[in-house]
Structure formats: structure tokens, C-alpha cells
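>>> Provide a 3D model corresponding to the input given below.
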Amino acid sequence: MTTAAMVLGIIWGVLLAIYAVYTYYAGKLGASVGVQGAEYVMIASVVVPLLVFVGAGIAKSKPVIAGILLLVAGLIMFWLIGINGVGLFFGGPVVLAAGLAFFGARELSEKSSVTPKV
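Numbering: from 1, shown residues only. Okay, the predicted model is just below:
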């Protein structure tokens, strides 16, 4: 399950990085017009792909931390876009990857708690 979390994180991290370019410049345009909160959109558009890439990178070694990072990134996407079709398209797989990382941590702990028969 940690491998699936890693793969989902990498794929959606790339898509979020592409989306971040659009969102950053849309926030910049909004800030120049005087829209309140445009700075937060610009910051979130840079932070979310980084969180997803870091979460995907450490999903195999530290799945709980990876799950937390992916969950935070998914929730930021839902806050940024809203819970609609686009938000579910970008945030849903990231939250799914967070769940897979958490279940992978449980799976790893069950494997390590089994004592070998002597």
C-alpha cells in the first residue's frame, strides 16, 4: 500500500505542479486587481505540490509522516478550490494516497510485530 501511495503522490504531484503554475499566475492577477486572499492562493499553489512530492518520497520509509503530509496537502486543495468537481479531481487522489500511506503503516507494523518461531 505504501507503493501505491508513492505512485499516486508522484503522479498527482506532477499534475498539481502544472496546476500550480496556473493558480500562481491567477493569484498574481487577482492580487494586482485587489482581490483579498490572493496571496494565500499563491502561497498554497507553491506549497501543495511540495508537500505531495515530499509525502510521496517518504511513503516507503515513514508512511505515517507521509500520510500526514499528503492529508494536509489534500485538505489545502479542498480549502483552495472547494469541494466540487475540480477539487475532487485534484484533492481526492491526494487524500486517497494519504489513506493508503496510513494503511501501509498499519500493514508494516503488523509485519514487524510477528515473532518468528524458533
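
>>> Helix, strand, or coil at Lys60?
In three-state terms, and counting by DSSP: H, G, I helix; E, B strand; the rest coil, Lys60 is coil.

>>> Make sure it is actually in contact with Val7.
No. Contact criterion Cβ atoms under 8 Å: Lys60 and Val7 do not qualify, at 10.9 Å. Glycine gets a C-beta too; all of them are placed from N, C-alpha and C.

>>> Helix or strand with the lowest mean pLDDT in the protein?
helix 85-113 (a mean of 84; mean pLDDT, DSSP states H and E).

>>> helices and strands around that helix, which ones?
Packing contacts for helix 85-113, counted by 3 or more Cβ pairs under 8 Å, 6 or more residues apart in numbering; DSSP states H and E, involve helix 2-33, helix 38-57, helix 63-81.

>>> Of those helices, flag the one that's most buried.
For the helices and strands packed on helix 85-113, the largest average neighbour count (mean count of other Cβ atoms under 10 Å) is found in helix 63-81, namely a mean of 21.

>>> before we move on, the earlier item: also compute the angle for the least confident helix or strand of the chain relative to helix 38-57, please.
Angle of helix 85-113 versus helix 38-57, following axes from the mean of the first three to the mean of the last three Cα atoms, to 10 degrees, is 30 degrees.

>>> Which parts of helix 85-113 count as buried, going by neighbours?
For helix 85-113, the neighbour count (16 or more other Cβ atoms under 10 Å) marks 87, 90-91, 93-98, 100-105, 108 as buried.

>>> The helices and strands packed on helix 85-113 into CSV, with extra columns for mean pLDDT?
Below are these laid out as CSV (pLDDT from 0 to 100):
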stretch, mean pLDDT
helix 2-33, 90
helix 38-57, 90
helix 63-81, 91
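
>>> ok, for Pro93, nearest residue in space, not its chain neighbours?
Leaving aside its sequence neighbours, Pro93 sits nearest to Trp12 (Cβ to Cβ, 6 or more residues apart in numbering; 4.8 Å).

>>> Please report the distance of the one you found from Gly37.
24 Å (Cβ to Cβ, to the nearest Å).

>>> One more: Phe78?
16 Å.

>>> Ok, Val94 next?
For Val94, the distance to Gly37 - Cβ to Cβ - is 22 Å.
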